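> Generate coordinates for the sequence data below:
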Amino acid sequence: MSGTGTADRTTEEAPGDLRRSLGFRDLVVYGLLFIAPMAPVGVYGTLDAKSHGAVALVYVVATVAMAFTAFSYAQMVRVVPRAGSVFAYARAGLGSRAGFVAGWMAMLDYLLIPAVAYLFSGIAMNSLVPEVSRWVWTALAVVVTTLLNLWGVRAAARVGFLVLAMEIVVLLVFVVSAVVVLARDGAERGWLSPLSGDGTQGAFALSAVIGAVSVAVLSYLGFDAIASFAEEVTGGSAKVARAVLFCLALAGVLFVAQTYLVALLDPTASAQYAADPGRQGSAFYDTVDSAVGTWLHDLVAVSKAIGAAFAALAGQAAAGRLLFAMGRDRRLPRALARTDAGVPRVALLCAAVITLVAAVWAARRDDGMDHLVSVVDIGALTAFTLLHASVVGWFAVRRRGGPVIWWRHVLVPVVGAAITVAVIVEASRAAQVVGAVWFAVGLAVLLGQQGRREATG
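Presented below is the predicted three-dimensional model:
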């Protein structure tokens, strides 16, 4: 298989190759689908309460914070252009054991984030057609998007582009409607309050903004999935690096713009959201409903329902590539590395089954969403930390990338790792416990593999 990476790879380790058919636009489509252009809709009220009204500033800071991780991805994908992304990078920069741990922790994220998205889609469809149970809608969303993924990455990207275009159009309708209302009626809050706070919880507090950032970074999870398609892109790995950085920057602009506008339209003070957490989840929808009209409320809701299913499609595709890569390197069952016409169908089906079980289980429980949301982020954040360490390991320790550029190969990844560790510390207790248990299971699997290799060596 062609490739420009310098990481070791032997021919006998690859029972099948992935088909190179993706362009720059396709990569951006997958990244934005996974992130979702209107990701702040569900967490706006929570962030507004936590940040004392400085919700747009939260996304400015979060975009800068995640830029360190995006930059590290761009560094590693250029020298290790392989499926599996962080698994391959940690393996190359830190060794095979660290690579397994990175892949194992990323697996928790890639398998559960799609489950959350499928469940969100099922809940939204159930609200529109309550005669059909939400678990049925959830399962249907899994089946439809899995069939698209099995059809091939290029076909899925084409359909995904149409869905993404729909989401962007809905977002533009919201932006235009918000601007019209603001020009006609004025703002409910101060024009700079989304960047400086609304003053209802006291003076501006940087600590409040930083605390909200730990929640806001979850909106960005998914841009890293672009790197999983490094072996399926035409034109070299530099295109993947550009797509990662472009996708994060575009998402940041969209997030800041929509939260700035909705905060200006919102007649409810951040102190009221803080005092009544029950209002936080629907804050965005309630504001749009009262300021613009029910028609836009319904349009946003339908867009989110469809968009969530296709966010899960992108996540499932990334999960399949991760399982494929770990199977190819014999860190998971070898069968996962099989390809059919360039599509890793065994790995995709395995990811789909696990996601289906998790999503349907959660859909049949009243507290299912809370259980899933509380744990999805910890795996990705741990993998991000190992990603940053991989940059230092590859360029500064092993010195396999040419001359060391200290700000690029040491300073940026160290700061990035500090940010991800800080977010892990701020995560919920349930997420930390689940992450620790998953990590312990991974170590047990790793030790078992090591023991078998020594016994047969």
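
> C-alpha coordinates for stretch 274-287, CSV please?
Listed in CSV are the C-alpha atoms of stretch 274-287, where the atom choice follows Å, rounded to 0.1, in the frame of the first residue of the first chain:
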residue,chain,number,x,y,z
ALA,A,274,-28.0,28.5,37.8
ALA,A,275,-30.8,28.5,40.3
ASP,A,276,-33.0,26.3,38.2
PRO,A,277,-30.9,23.6,36.4
GLY,A,278,-34.1,22.0,35.0
ARG,A,279,-34.4,24.9,32.5
GLN,A,280,-30.8,24.6,31.2
GLY,A,281,-31.3,21.7,28.8
SER,A,282,-34.1,23.4,26.8
ALA,A,283,-32.7,27.0,27.1
PHE,A,284,-31.6,27.3,23.5
TYR,A,285,-35.0,26.0,22.2
ASP,A,286,-37.0,28.1,24.6
THR,A,287,-35.1,31.3,23.6
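
> how far out from the middle of the chain is that stretch?
When distances are taken as CA atoms, centre = their mean, to the nearest Å, stretch 274-287 is centred 24 Å away from the chain's centroid.

> what's the answer for stretch 36-56, then?
Centre to centre, stretch against its chain (CA atoms, centre = their mean), the figure for stretch 36-56 is 17 Å.

> For it, what is the spacing between the initial and final residues?
The stretch stretch 36-56 measures 17 Å between its terminal residues, going by CA to CA, to the nearest Å.

> Report pLDDT for residue 217.
Predicted confidence (pLDDT) for residue 217: 81.

> residues contacting the nearest residue to it once chain neighbours are set aside?
Spatial nearest neighbour of residue 217, chain neighbours left out: residue 62 (5.2 Å); criterion: CB to CB, 6 or more residues apart in numbering. For glycine as for every other residue, the C-beta is placed from the backbone atoms N, C-alpha and C. Shown in contact with residue 62 (CB atoms under 8 Å, 6 or more residues apart in numbering): 213, 216-217, 219-220, 252, 255.

> Residue 198: what secondary structure?
Judged by DSSP: H, G, I helix; E, B strand; the rest coil, the three-state class of residue 198 is coil.

> Count the residues that sit near it.
Residues lying near residue 198 (other CB atoms under 10 Å) number 23.

> now it, nearest residue through space, not along the chain?
Distance criterion CB to CB, 6+ apart; nearest residue to residue 198, sequence neighbours excluded, is residue 53 at 3.2 Å.

> ok, now which ones touch that neighbour?
Under the criterion of CB under 8 Å, 6+ apart, the contact partners of residue 53 comprise 189, 193-194, 197-201, 263, 269-270.

> Wait, a strand at it?
No: the secondary structure assignment for residue 53 gives coil rather than a strand, going by three-state DSSP.

> Use 849 as the first number from now on
Renumbered: residue one is now 849, and that last one reads residue 901.

> Tell me the spacing between it and residue 1045.
As judged by CB to CB, to the nearest Å, residue 901 and residue 1045 stand 5 Å apart.

> Residues in contact with both of the two, list them for me.
Counting by CB under 8 Å, 6+ apart, the common neighbours of residue 901 and residue 1045 are residue 1118.
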